[in-house]
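*Asks:* Sharing a sequence plus its predicted fold:
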Amino acid sequence: MSKPDLYDAILALRSRAEAQAFLSDLCTPGEVRALSERWLVARLLDEGELSYRDIAQKAEASTATVVRVARFLKEMPYKGYRRILDRLAGKKR
């Protein structure tokens with residue numbers, strides 16, 4: 001399966017239940033936890049109210065994970081985190 005095939009599979013998901021089932025089949029429990037952890041870190045960083053150390057503690061993540069997510073959120077050209085954070089908040093950037 002190529003990357004575009006995986007992206008198309010993700011785009012075909014129609015509900016939270018389908019997404020949960022697909023990710024449960026596709027990923028190990030640890031991989032799903034890691035993805036969930038990074039997403040929580042991104043949301044907490046976006047809120048801008050906590051220090052990196054506090055975010056790491058709240059998300060049960062390493063400070064290295066917080067720094068990595070922050071770098072992708074602020075500096076990387078992909079803007080994946082930003083796009084979805086804004087979309088879920090009903091904003092446009």
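*Replies:* Here it is on my side, so go on. The model shown is predicted, which means the values in this text are computed figures rather than measured ones. Numbers count the residues shown, from 1 in each chain.

*Asks:* When you work out contacts or count neighbours from here on, use the C-alpha atoms and nothing else.
*Replies:* Will do.

*Asks:* Skipping adjacent residues, who's closest to Tyr81 in space?
*Replies:* Distances taken as C-alpha to C-alpha, 6 or more residues apart in numbering place Leu73 nearest to Tyr81, at 5.9 Å, with adjacent residues excluded.

*Asks:* gap between the one you found and Ala64?
*Replies:* As judged by C-alpha to C-alpha, to the nearest Å, Leu73 and Ala64 stand 14 Å apart.

*Asks:* With neighbour numbers in mind, choose between the two.
*Replies:* For Leu73 against Ala64, the residue with the higher neighbour count under other C-alpha atoms under 10 Å is Leu73, and the figures read 21 against 11.

*Asks:* I figured the residue nearest to Tyr81 hits Ala42, correct?
*Replies:* Yes: with the criterion set as C-alpha atoms under 8 Å, Leu73 and Ala42 qualify as a contacting pair; they are 7.1 Å apart.

*Asks:* give me the number of residues near Val66?
*Replies:* Per other C-alpha under 10 Å, the neighbour tally for Val66 reads 24.

*Asks:* I'd say it and Trp39 touch.
*Replies:* No: at 10.3 Å, Val66 and Trp39 do not qualify as touching, with contact defined as C-alpha under 8 Å.
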